[in-house]
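Student: show me the folded form of this:
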Amino acid sequence: MAFDRSKLMQMELQGAAVVTPMIKILLIDDHALFRSGLRMVLATGLEDTEIQEASSMEEAMQLLNEPPSILLLDIQLRGLNGLDGIALLKRKWPATPVVVLSSDDTEKAVSESIRRGATGFVSKNDSADHILSFIRLVLRGGCNSDKPIDCASETEQSGKLHLTPRQLEVLDFLCQGLSNKAIGRRMDLSENTIRGHVQAILAALQVESRSQAVASAHRRGLVH
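Tutor: Numbering: from 1, shown residues only. Presented below is the predicted three-dimensional model:
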């Protein structure tokens, strides 16, 4: 019987194991205890993950040549602070999303982080499950630098959706068909801040568009 090389190759390909790309995370935070705790959360919640830590922006810039999958950055660092460091990180790894993790979750901190190029913002006060969910969203490509996500105050506990009063107000305006600019005028907020709130709402409702958010909001009884 003739030896069918193509058939043998096909069998080998079918039997080959699917290799999952390694997730490379660079965590930049000057609090060793927080880094240790978050490392445990990430290692437990994400498969095939390599985590590197840096206590300062200077140390981070010397760690890797290959771009990480995601950068987790505290903005309150000793030496060069995280806000000023976002530009350096984006220059070295332009395609890598930068997620700010900070206990300073004021509107000013959120808006400034996004304005300087952060893909998203998560409060250190959020639950470990929420932080993990947001990181998974970013790794899936659920947001990018053109569509930043403000997750400073969004929480999700026991499967129940929670939106802050401000996010509910933005959602109400969305349901009225207002643009980000118009909502910003009504709420006396910048268009960039409103865009962040809109993306947070989309992420919380697990939808991809404003129209889907409106439909979901009515279905859930979030607006009248």
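Student: got any ranges where this structure has weak pLDDT?
Tutor: 1-20, 64, 107, 142-162, 224 (pLDDT under 70).
Student: how is it carved up into domains?
Tutor: 22-152, 158-224 (automatic domain parsing).
Student: mind putting those in a markdown table, mean neighbour count included?
Tutor: To be clear about C-beta, it is placed using only N, CA and C from the backbone, and glycine gets the same treatment. A markdown table is the format used below for the domains of the chain (neighbours: other Cβ atoms under 10 Å):
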| stretch | mean neighbour count |
| --- | --- |
| domain 22-152 | 18 |
| domain 158-224 | 17 |
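Student: so what's residue 103 up against?
Tutor: 76, 123-125 (Cβ atoms under 8 Å, 6 or more residues apart in numbering).
Student: actually residue 55, sorry about that
Tutor: Taking Cβ under 8 Å, 6+ apart, one finds 28-30, 32, 35, 78 in contact with residue 55.
Student: what two of these have the greatest distance between them?
Tutor: 35 and 78 (13.8 Å; Cβ to Cβ).
Student: ok, the residue lying closest to residue 66 once chain neighbours are set aside to residue 134 distance?
Tutor: Nearest residue to residue 66, sequence neighbours excluded (Cβ to Cβ, 6 or more residues apart in numbering): residue 24, at 7.3 Å. Taking Cβ to Cβ, to the nearest Å as the measure, residue 24 falls 18 Å from residue 134.
Student: for residue 215, give its distance to residue 171.
Tutor: 12 Å.
Student: just residue 78 next, same as before
Tutor: 39 Å.
Student: what does residue 43 give?
Tutor: When residue 43 is compared with residue 171 (using Cβ to Cβ), they lie 35 Å apart.
Student: in the sheet, who's paired with the residue lying closest to residue 46 once chain neighbours are set aside?
Tutor: Counting by Cβ to Cβ, 6+ apart, residue 23 is the residue found nearest to residue 46 once chain neighbours are left out, at 6.0 Å. Note on residue 23: beta-bridge partners residue 49, judged by DSSP bridges.
Student: could you do residue 53 as well?
Tutor: As assigned using DSSP bridges, the partners bridged with residue 53 are residue 27.
Student: correct me, but it touches residue 27?
Tutor: Yes - the pair residue 53 and residue 27 passes the contact test of Cβ atoms under 8 Å, sitting 5.1 Å apart.
Student: who touches both of these two?
Tutor: Common neighbours of residue 53 and residue 27 (criterion: Cβ under 8 Å, 6+ apart): 35, 39.
Student: can you give me the strands in the chain?
Tutor: Secondary structure of the chain (DSSP state E): strands at 23-28, 49-54, 70-73, 98-102, 120-123, 149-151, 155-157, 160-162.
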